[in-house]
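A.B. asks: predicted coordinates and the sequence they were generated for:
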Protein chains: 2
Amino acid sequence: MNDFPSSVEFHEEGPREGFQMEKTHYPLQQRKILIEMLAEAGLRQIQVGSFVSPKAVPTMSDTAELFAAIDKKASTRYTSLWLNEAGFRRAVATPGVTLDGKLLVYTTDEFCLKNNNCTVQELREKQKKWIALYDNAGVALEQAYIITAFGCNYEGDVAVSKVVDAVRFLEDLCAASKRPLPHIYLADTVGWANPESIKRRIAAVRDAVPAARIGTHLHDTRGLGAANVYAALQMGVDLFDSSVAGLGGCPFAKHANSHGAGNICTEDMVFMCHELGIETGIDLEKLVEAALYAERMIGRPLAGKLMHAGIPKRM
Amino acid sequence: MNDFPSSVEFHEEGPREGFQMEKTHYPLQQRKILIEMLAEAGLRQIQVGSFVSPKAVPTMSDTAELFAAIDKKASTRYTSLWLNEAGFRRAVATPGVTLDGKLLVYTTDEFCLKNNNCTVQELREKQKKWIALYDNAGVALEQAYIITAFGCNYEGDVAVSKVVDAVRFLEDLCAASKRPLPHIYLADTVGWANPESIKRRIAAVRDAVPAARIGTHLHDTRGLGAANVYAALQMGVDLFDSSVAGLGGCPFAKHANSHGAGNICTEDMVFMCHELGIETGIDLEKLVEAALYAERMIGRPLAGKLMHAGIPKRM
């Protein structure tokens, strides 16, 4: 049985996911053009870049300049990623950044230590500080990511009960600070999800917190990305992080023969939605142009398929 | 609701699909090794090559020599493709070829003309001749492919009724020659299928001929391959053509920016089945080794994802 949503929202992560892991620092002018093409195609939320250590991620060092350069549309939210207080303060200080308050909850210690240098429990404690920071800056809490909600390359399968435990933590945290639950994202940065594990976790989260809106942050690490999105759509999920052209990957995800694969590909998944009769508000032809632009920028074939095959021409 | 099969059969097409469209004629010794690795991984049916015009497809000119070279396992069927009587006679004359009688039914004239130089109706007439040829050679009729069962780059969407019409033609043909219906394959060589169109056609074919076993021949042309396989699995389909490493493509399929994408990737889809608890009889580690060997042979990154990310390591 399908419980397809009537419309779906894609949050574009390509400009951040895609360029953070490249050795080349692509010209700001090209990244600006790509972001403007994405907004022009109808994407209503675009993650422009991250405010992280320029030493650790040199390609994100000019995020503030990039925000200044973009010719912004009023209908689009231009967001960013931060991982610590210094990063958040830079985001706050940068004109044009839509500040979407977010929390991160991990499920496995080892991946948490790699990415955040602290345990799952320590990171949970830090989330309380984040809520205070957001309050002080007048930033609404919009989203909470459950990282490695499916499995982890260091610790293996992640049980549904661990996901529900993370949700319960978020519920308590929000209740204590008298605020509504943010959107809850099930994240699969390292590619352990399959269509049935997607469905089980969505059902469990919905069971635990029926009012919460659920999103997914999926990577096409092992070739199941499209099947996982379809499974989420069957469950009525209407919120997806994705990357144009399939840009991206996580350099610390510990894969066998490469860094991790990119996010699910925006235009391929928009195409699937349209084929299924689900609205996205996106002009697919313009989005494919943006994907082809991204591929020319990067200078090697990217994972997106639709841009190579073309949109089917109906007679 | 899922109606997953308990086990699934993958028919490997990589050695034929993958090398027919390459400009390079890869050494016979390498193709032999790849095929032996695939059999060793547990694939029970492998399409070794095609008996087609050496002028049109030079890379398939040594198919007979390749059959002779392979160290064959008794448990594996080594099959081939032929498109005309001369090709079939070469297949019959080649020792070691498992002759699996097949019919082709098209749904749109223009694609049929491109691939077969005749109309849909003319090709249907020719199928009668094929049945006689198979009878004379003592070859069982095993499979019938409905080509472009979803859509066609020349004529657009293909209606469910056209698919049912093709099935009715096959039914009448088999009834007239007093033989059981072969397996019916829904083919999407040009990438128009989506998960719902898969389900609608499977339901319609099953409705028309409830006893027939249904298979699919899918390409990952527009990034929906995995979702389409998942949809077919949900409908209980247990027979899939696929290509190791995602090898392949159809040079005449008329795509915008490239030749067509390859078949769905064998090891990625075997991985999905195993994750869903569906048996395949395949040793996934050995299959990934074969995929990596294929990629080294071809000398450029191939579409398969699992081989790059590695099989998840459960603790």
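C.D. replies: Nice, thanks for sending it over. Residues are numbered from 1 along each chain as shown, chains lettered A, B, ... in the order given.

A.B. asks: wouldn't residue A:157 be in contact with residue A:151 here?
C.D. replies: Yes - judged on Cβ atoms under 8 Å, residue A:157 makes contact with residue A:151 at a distance of 4.9 Å. From N, CA and C alone the C-beta is placed, and that goes for glycine too.

A.B. asks: quick one, which of the two is more surrounded?
C.D. replies: residue A:151 (24 against 14; other Cβ atoms under 10 Å in any protein chain shown).

A.B. asks: can you pull the pLDDT of that one?
C.D. replies: Residue A:151 is assigned 94 on the pLDDT scale.

A.B. asks: which ones are touching it?
C.D. replies: A:157, A:158, A:188, A:190, A:192, A:193, B:312 (Cβ atoms under 8 Å, 6 or more residues apart in numbering or on different chains).

A.B. asks: mind checking which helix or strand of chain A has the lowest mean pLDDT?
C.D. replies: helix A:19-20 (a mean of 86; mean pLDDT, DSSP states H and E).

A.B. asks: identify the contacts common to residue A:157 and residue A:151.
C.D. replies: residue A:192.

A.B. asks: contacts for the least confident helix or strand of chain A next, please.
C.D. replies: Against helix A:19-20 from outside (Cβ under 8 Å, 6+ apart): A:26, A:31, A:49, A:50, A:52, A:57, A:59, A:60, A:247, A:248, A:251.

A.B. asks: just the strands in the stretch 101-250 of chain A please.
C.D. replies: Ranges of strands in the stretch 101-250 of chain A, per DSSP state E, counting those that start in this stretch, are A:101-105, A:141-146, A:151-152, A:156-157, A:183-188, A:214-218, A:239-242.

A.B. asks: out of those, which comes closest to residue B:131?
C.D. replies: strand A:214-218 (47.1 Å; Cβ to Cβ).

A.B. asks: show me what the closest one is packed against.
C.D. replies: Counting contacts by 3 or more Cβ pairs under 8 Å, 6 or more residues apart in numbering or on different chains; DSSP states H and E, strand A:214-218 is packed against strand A:183-188, helix A:195-208, helix A:225-234, strand A:239-242.

A.B. asks: wait, which of the ones you listed is closest to chain B?
C.D. replies: Shortest distance between chain B and those, using Cβ to the nearest Cβ, is found for helix A:225-234: 3.9 Å.

A.B. asks: most centrally placed residue in chain A?
C.D. replies: residue A:241 (3.9 Å; Cα atoms, centre = their mean).

A.B. asks: surely it meets residue A:183?
C.D. replies: No - the pair residue A:241 and residue A:183 does not pass the contact test of Cβ under 8 Å, sitting 10.9 Å apart.

A.B. asks: okay, and the common contacts of the two?
C.D. replies: residue A:215.

A.B. asks: grab the nearest non-local neighbour of residue A:263.
C.D. replies: With sequence-adjacent residues excluded and distances taken as Cβ to Cβ, 6 or more residues apart in numbering or on different chains, residue A:263 is closest to residue A:243, at 3.8 Å.

A.B. asks: ok, that neighbour to chain B distance?
C.D. replies: Using Cβ to the nearest Cβ, to the nearest Å, one gets 12 Å for the distance from residue A:243 to chain B.

A.B. asks: so that residue bridges to which residues?
C.D. replies: residue A:265 (DSSP bridges).

A.B. asks: I'd assumed residue A:21 was in contact with it.
C.D. replies: No - here residue A:243 lies out of contact with residue A:21, judged by Cβ under 8 Å, at a distance of 11.1 Å.

A.B. asks: higher neighbour count, those two?
C.D. replies: Between residue A:243 and residue A:21, counting by other Cβ under 10 Å, residue A:243 is the more crowded of the two (31 against 17).

A.B. asks: show me the contacts for that one.
C.D. replies: A:12, A:13, A:14, A:17, A:18, A:262, A:263, A:264, A:265, A:266.

A.B. asks: what's the pLDDT at residue A:299?
C.D. replies: 89.

A.B. asks: typo on my end, residue A:56
C.D. replies: At residue A:56, pLDDT is 86.

A.B. asks: hang on, the earlier thing: in space, what's closest to the residue nearest to the centre of chain A - neighbours in sequence excluded?
C.D. replies: residue A:217 (4.2 Å).

A.B. asks: wait, the one you found touches residue A:239, no?
C.D. replies: No - Residue A:217 is beyond contact range of residue A:239, at 9.6 Å (criterion: Cβ under 8 Å).

A.B. asks: between the two, which contacts overlap?
C.D. replies: residue A:185.

A.B. asks: settle it for me: which of those two has more neighbours?
C.D. replies: residue A:217 (23 against 20).

A.B. asks: what sits against the more buried one?
C.D. replies: Residue A:217 touches A:145, A:185, A:186, A:187, A:188, A:189, A:241, A:263, counting by Cβ under 8 Å, 6+ apart.

A.B. asks: now do the contacts for the third one.
C.D. replies: In other words, residue A:186. For residue A:186, the contacting residues are A:146, A:149-150, A:163, A:193, A:198, A:201-202, A:205, A:214-217, by Cβ under 8 Å, 6+ apart.

A.B. asks: around chain B, which positions in the stretch 151-300 of chain A sit nearby?
C.D. replies: A:151, A:153, A:155-157, A:191-192, A:194-197, A:220-227, A:229-231, A:255-258, A:260-261, A:265, A:268-269, A:271-272, A:275-276, A:292 (Cβ under 8 Å from any Cβ of the partner chain).

A.B. asks: which ChimeraX command selects the buried ones in those residues?
C.D. replies: Burial among these is assessed by 16 or more other Cβ atoms under 10 Å in any protein chain shown; the matching ChimeraX selection reads:
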select /A:151,153,155,191,192,194,195,196,197,220,221,222,223,224,225,226,227,229,230,231,255,260,261,265,268,269,271,272,275,276,292
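
A.B. asks: pLDDT below threshold where in the stretch 1-150 of chain A?
C.D. replies: For the stretch 1-150 of chain A, applying pLDDT under 70 flags the ranges A:1.
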